[in-house]
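# Show me the folded form of this:
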Amino acid sequence: MECVRFEGMIYKQLETRQDLMEYFDNLQYGARKLIEKVGTQGYSAETFLKMMVQHISSEDCFILVVLDDDLKFKAFMFALHVNQSLHPWTEVIGIWSEPKIGMKVKNDVNKLFEGWCRIRGATKIVTYVHRRLKHDREVPGMTFYKIWHKPIGYQIAGVMLEKVL
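As a prediction, this is how the structure comes out:
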């Protein structure tokens, strides 16, 4: 388990089931809180945790936990690297933090995460936004959505975001 300290916070990358079990209760709590915010879009907390358990031993799994100086769990990030194409990418499955912690640690988490992605050859990072969306401007695929998906009952529930590496 890799561990790094920046400005009063400890960042641990979990790599084994034993690592995962050490923080499982905290991850379960965070996953439930994350799903409460998302509502009916995205994964259930159970599916989210099953994915962690299923993939934790893979080198393509990124689970980072953030602890304070007292070793209290404050946040996590979960992502999977997809290496099945000419242009591999990494997909962020979920991020959760206690209030006010996310803004404090986001730059350090992102620095560690992007480094991990680059080592694996990712060409981009993708994630989906399921809450607090404002669809007040055209997004890619909107025309197809309007002529195909919307007439048969689909609704916009999120937006895919990507960062080219």
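# C-alpha only now, for contacts and for neighbours.
Noted.
# I'd like to know the phi and psi angles of Glu98, please.
Dihedral pair for Glu98: phi -70, psi 160, per degrees, to the nearest 10.
# and it, what is it in contact with?
By Cα atoms under 8 Å, 6 or more residues apart in numbering, the contact set of Glu98 is Lys74, Ala75.
# Please repeat the previous calculation with a cut-off of 6 Å.
Glu98 makes contacts with Lys74, as judged by Cα atoms under 6 Å, 6 or more residues apart in numbering.
# Which helix or which strand is home to the residue nearest to the spatial centre of the chain?
Nearest to the mean C-alpha position of the chain, by Cα atoms, centre = their mean, lies Gly94 at 2.8 Å. In this structure, Gly94 sits in strand 89-97 according to DSSP states H and E.
# helix or strand right after that strand?
helix 101-119.
# Just want the angle from that next one to strand 89-97.
160 degrees (axes from the mean of the first three to the mean of the last three Cα atoms, to 10 degrees).
# now whichever helix or strand comes after helix 101-119, how far from the centre of its chain.
Note on helix 101-119: by DSSP H and E, the next helix or strand toward the C-terminus is strand 124-129. Strand 124-129 has its C-alpha centroid displaced from the chain centroid by 8 Å (Cα atoms, centre = their mean, to the nearest Å).
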